[in-house]
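A.B. asks: Quick one: sequence and predicted model below, then my questions.
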Amino acid sequence: MVQFASDGRPLPSPTPVSQPFFDGARRRELMLQRCPRDGFFHYPRSRCPDCLGDDWSWEKASGRGELHAFTIDRIGHDPALSSRIPFAIGVVELEEGPRMTANIVGCELEDLRVGMALKVEFEDVDETTLVRFTPR
């Protein structure tokens with residue numbers, strides 16, 4: 001079941017595995033899972049995607065990365081987000097290694113460039129805190 005914010009945006013639905021990621025976001029910390037053998041990984045999952053170990057831990061990440069790829073929604077493909085267009089969605093390669101998808105904010109869309117330095121930012125939406133990135 002999809003949850004919606006009071007402004008109509010769809011919100012993520014944390015699971016028992018991903019809840020620490022969202023709890024960290026609420027504290028303004030970017031939390032990532034880290035396998036003792038293979039390092040950091042993202043998206044939250046119950047086992048390391050490389051070795052399938054379940055002895056990983058949650059660790060605070062730097063919150064810094066580079067824009068690996070992006071797209072700009074100028075049409076409003078999701079009616080629930082049409083009031084926010086245009087907006088950018090990017091794949092951010094974190095300093096710790098994993099890549100994550102998030103909104104890119106805090107700059108003109110025309111200024112977005114692959115390789116630009118980014119830092120994490122948080123947005124409180126109702127009872128959920130979203131992770132997004134802005135230029136640094």
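C.D. replies: Nice, I can see it.
A.B. asks: any chance you could map the helices in the chain?
C.D. replies: 19-26 (DSSP state H).
A.B. asks: Low-confidence stretches in it?
C.D. replies: Counting by pLDDT under 70, the chain shows no low-confidence range.
A.B. asks: Tell me if I'm right that G39 and G97 touch.
C.D. replies: Yes: counting by Cβ atoms under 8 Å, G39 touches G97, with 5.9 Å between them. The way it works is simple: take the backbone N, C-alpha and C, and place the C-beta from them, glycine included.
A.B. asks: residues contacting K119?
C.D. replies: 63-65, 133-136 (Cβ atoms under 8 Å, 6 or more residues apart in numbering).
A.B. asks: Those residues, buried ones only, as a ChimeraX selection?
C.D. replies: Applied in ChimeraX, the following selects the buried portion of these according to 16 or more other Cβ atoms under 10 Å:
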select :63,64,65,133
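A.B. asks: for the contacts of K119, which one is nearest V105?
C.D. replies: Among these, T134 lies closest to V105 (Cβ to Cβ), at 5.3 Å.
A.B. asks: Sketch out the strands for this structure, chain order is fine.
C.D. replies: Ranges of strands within the chain are 3-4, 10-11, 31-35, 39-41, 57-60, 64-73, 87-94, 99-104, 117-125, 128-135, based on DSSP state E.
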